[in-house]
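Novice: coordinates only, sequence not included:
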């Protein structure tokens, strides 16, 4: 789950384009990109499109529903679960309890649609409210459906009254870097994917590439996109390099050859168990990306 592309749910043209962009996940959006009056039509368009394309695309299909406080979530689920999406993105999640509440709703809709219990995954956006940021630690045991954790800056900015999320150099200010950090830690504690937020300036590819590289360096394993042109850059940034794969394979092989001790030496350098765990994670990401059998 490297690239996750948002596509408005009320536009068949954009849905068609989005499904051909090469993203690992297509997020059919019923929330921010759809006006309130267009949401019923968007549900119908999205449901038909997902049902028709589920078996014609390699991408996983997720739906960003409206948040639990909106009064629209149940209608979203009633319309979209029968189309059998792979997952639901939950915006403005305030705690792990919100994930549990959504999971309970999904259990009912799955049963009504003849789907196995628990087959639909959940990806919450956990930093769009102040309460959500402060409750980041509550997701670790929230639900077996939890597949990843991501964050957002724009809604948090509005929630706390910040005039901007970035400084004059384009870097996040401290409060938003804190939210970003909490996302990485929450995902690690829950042992799920850490997904970086969107980069709104889709024409500034140099800055976008730099942000992708920084996110990967810090431990994110994927990033959300708002434009198809961002997808190949994300996929490249979050696919382990040939050098990283070879080195990781050498670390794993060295531990196995030595009988899995606490420490091994490779080319004059010492590697301990944390290095082994990191190497195993890199190899797992490489397999998921299809660059390692």
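Specialist: Okay, I see it. Note that this is a predicted model, so its numbers are computed, not measured. Numbering: from 1, shown residues only.
Novice: list the contacts for residue 166?
Specialist: Neighbouring residues of residue 166 by CB atoms under 8 Å, 6 or more residues apart in numbering: 172, 173, 176. For glycine as for every other residue, the C-beta is placed from the backbone atoms N, C-alpha and C.
Novice: and residue 100, by the same measure?
Specialist: 142, 143.
Novice: do the one 3 residues further on as well
Specialist: Each residue near residue 103 by CB under 8 Å, 6+ apart is listed here: 122, 142, 143, 145.
Novice: apply 6 Å and report the result again.
Specialist: Contact analysis of residue 103 by CB atoms under 6 Å, 6 or more residues apart in numbering lists 143, 145.
Novice: now whatever helix or strand it lives in: buried residues?
Specialist: Element membership of residue 103 [criterion: DSSP states H and E] is helix 96-112. The neighbour-count check on helix 96-112 (16 or more other CB atoms under 10 Å) flags 96, 98, 99, 100, 101, 102, 103, 105, 106, 109, 110 as buried.
Novice: got it, and stretch 252-270?
Specialist: Buried residues in stretch 252-270, defined by neighbour count with 16+ other CB under 10 Å: 252, 254, 255, 264.
Novice: so what touches that stretch?
Specialist: By CB under 6 Å, 6+ apart, the list of residues contacting stretch 252-270 from outside reads 271, 272, 276, 279.
Novice: the last one: neighbour count?
Specialist: What it means is residue 279. Residue 279 has 22 neighbours, counted by other CB atoms under 10 Å.
Novice: quick one: average confidence on stretch 30-40?
Specialist: On average, the pLDDT along stretch 30-40 is 95.
Novice: re earlier: just the buried ones from the contacts of residue 166?
Specialist: Among the contacts of residue 166, those classed as buried by 16+ other CB under 10 Å are 172, 176.
Novice: how about the contacts of residue 166 in JSON lines, adding secondary structure?
Specialist: Listed next are the contacts of residue 166 as JSON lines, based on DSSP: H, G, I helix; E, B strand; the rest coil:
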{"residue": "172", "secondary structure": "strand"}
{"residue": "173", "secondary structure": "coil"}
{"residue": "176", "secondary structure": "helix"}
